[in-house]
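# Coordinates for the following, if possible.
(one chain, ligands or ions: 1)
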Amino acid sequence: MDQQQEQKKSGSSILNDIQAAQSGLKIGRFLISQGAKLLSGIGGPVLLTIGLIFLGVFVVGFAGIPGGSGGTTPQPSQPPISITPPPGGLRQSIMDRFGIIMNGFDNQQLQWAWEKFLSVSGTRFNGLVKGVTIIADNDSRQVDNNTIYLKKLTQQDLFNVVLTHELGHIIRWRTDSYIAELRQAISQEGYVTSYSANAPSCTGSDKFNEDYAEMIAYYLNPASPSQTASRCSSGSNPYINNGFRLHYNIARQILGTF
Ligand SMILES: [Zn+2]
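Take a look at the predicted model:
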C-alpha cells in the first residue's frame with residue numbers, strides 16, 4: 001500500500017519535474033531525484049532483506065556466545081582450567097611443560113601444582129622460575145636460585161600460596177630488580193601482609209625479602225586470604241578493594257597482567 005502511494009506520488013512528481021525541466025532550470029534536480037527514486041525502488045527491498053539477514057546473524061551470534069558482554073553471569077577471577085591429568089604422569093608433564101622438577105610429592109600436590117602453573121601461564125612467572133627443583137619436606141623455604149623446599153600441604157589454597165611465595169623468592173634473587181621500587185612502596189604502604197611485617201619474630205626471616213615473596217604470591221592468588229605463615233598471622237588478601245596498589249603494580253610489572 002505504501003509502495004503504491006509512493007508510485008502515484010512519483011508519477012505526479014515526474015510531471016511537475018518535466019515541466020520545470022522545460023524551463024531549463026530544474027533539469028539537474030530532476031535527474032538526481034529520479035535517479036534516487038530508481039535506486040530506492042530497486043535497492044530498497046534488496047537492502048532490507050540483507051539487513052534482516054545481518055540482524056538475524058547478529059542476534060543468533062550474540063545469544064550464542066557463552067559469557068558474552070550481554071550476559072549477566074559474573075566473570076570468574078581466574079579462567080577455568082582443565083584438570084585432566086596429562087598422559088605420561090603429572091610429575092613428568094610439569095617437567096616437560098614448565099621445566100620444574102618436583103620430587104617427593106603425592107599426586108594431589110602434583111595436580112595442584114600443574115593447575116597453578118597452567119593458570120599463571122599467561123604471565124612471565126613460569127619463565128622466571130624455569131629450571132627450579134622443588135623438594136617435598138616438613139617445612140617450606142627457598143634454598144638458592146634453583147631450589148626450594150615445600151611442605152606437603154593438604155589444603156589447595158594454602159599450597160598454592162606457599163608454592164608461589166617460595167618461587168617468588170627465586171624471582172627476587174634471579175632478577176634482583178624492582179628492589180628500590182619495593183622499598184619505596186613499603187615506605188608508603190607498609191608491608192604487604194602481617195607476615196612480612198613480622199617475619200623476624202615469626203620465622204626469623206627478613207622483612208623485605210618476605211615482602212617481595214608475599215607481593216608475588218597474593219598477586220597470583222587473588223582469591224586467597226593472607227595465610228603464608230598461618231601459624232603466625234592471617235588476614236584478607238592485601239589486594240582486595242584496591243589495597244596496596246604500589247605493591248600490586250610492581251608485581252604486575254614483574255609478571256605481566258594476570
Ligand atoms: Zn618466604
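
# what are the ranges of the strands in the stretch 101-250 of the chain?
When secondary structure is read from DSSP state E, counting those that start in this stretch, the stretch 101-250 of the chain shows strands at 101-103, 133-137, 141-144, 147-151.

# Let me know how buried Glu138 is, in neighbour terms.
One thing to correct before we go on: residue 138 is Asn, not Glu. Around Asn138 there are 7 other residues, counting by other C-beta atoms under 10 Å. Every C-beta, even on glycine, is put in place using the N, C-alpha and C of the backbone.

# So for it, what's the nearest residue that isn't a sequence neighbour?
In this structure, Asn138 finds its nearest non-sequential neighbour in Lys151, 6.4 Å apart by C-beta to C-beta, 6 or more residues apart in numbering.

# JSON lines please, covering the strands of the stretch 101-250 of the chain and showing distance to the ion and mean neighbour count.
Below are the strands of the stretch 101-250 of the chain laid out as JSON lines (distance: least, C-beta to the ion, whole Å; neighbours: other C-beta atoms under 10 Å):
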{"stretch": "strand 101-103", "distance to the ion": "19", "mean neighbour count": "16"}
{"stretch": "strand 133-137", "distance to the ion": "14", "mean neighbour count": "16"}
{"stretch": "strand 141-144", "distance to the ion": "7", "mean neighbour count": "15"}
{"stretch": "strand 147-151", "distance to the ion": "9", "mean neighbour count": "19"}
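
# TSV please, covering the ones you listed and showing distance to Ser224 and mean pLDDT.
Putting those into TSV (distance: least, C-beta to C-beta, whole Å; pLDDT from 0 to 100) gives the following:
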stretch	distance to Ser224	mean pLDDT
strand 101-103	21	98
strand 133-137	19	98
strand 141-144	19	96
strand 147-151	16	98
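
# now those in JSON lines, with distance to Leu246?
Conversion of the strands of the stretch 101-250 of the chain to JSON lines gives the following (distance: least, C-beta to C-beta, whole Å):
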{"stretch": "strand 101-103", "distance to Leu246": "33"}
{"stretch": "strand 133-137", "distance to Leu246": "30"}
{"stretch": "strand 141-144", "distance to Leu246": "24"}
{"stretch": "strand 147-151", "distance to Leu246": "26"}
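
# Which strand residues bridge the residue nearest to Asn138?
Asp137 (DSSP bridges).

# How many neighbouring residues does the closest residue to Tyr248 other than its chain neighbours have?
If the residues on either side of it in the chain are set aside, Tyr248 comes closest to Tyr239, at 5.1 Å by C-beta to C-beta, 6+ apart. Residues lying near Tyr239 (other C-beta under 10 Å) number 19.

# OK, contacts around the residue of the stretch 151-258 of the chain found nearest the ion?
At 4.4 Å from the ion, Ala213 is the closest residue in the stretch 151-258 of the chain, using C-beta to the ion. Listed by C-beta atoms under 8 Å, 6 or more residues apart in numbering, the contact partners of Ala213 are Gln142, His165, Glu166, Gly168, His169, Arg172, Ser196, Thr228.

# where does this structure have low pLDDT?
The chain contains residues with pLDDT under 70 at 1-87.

# Apply 50 and report the result again.
1-76 (pLDDT under 50).

# Okay, domains of it per the record?
Annotated domains of the chain cover 3-63, 90-255 [automatic domain parsing].

# how close does the residue nearest to Asn138 sit to Ile179?
As judged by C-beta to C-beta, to the nearest Å, Lys151 and Ile179 stand 28 Å apart.

# next one: Leu163
When Leu163 is compared with Ile179 (using C-beta to C-beta), they lie 23 Å apart.

# Between those two, which has more neighbouring residues?
More neighbours surround Leu163 than the other of Leu163 and Ile179, with 27 against 12 (other C-beta under 10 Å).

# quick one: the helices in the stretch 51-200 of the chain?
Assigned by DSSP state H, counting those that start in this stretch, the stretch 51-200 of the chain shows helices spanning 90-98, 107-119, 125-128, 156-175, 179-189, 194-197, 199-202.
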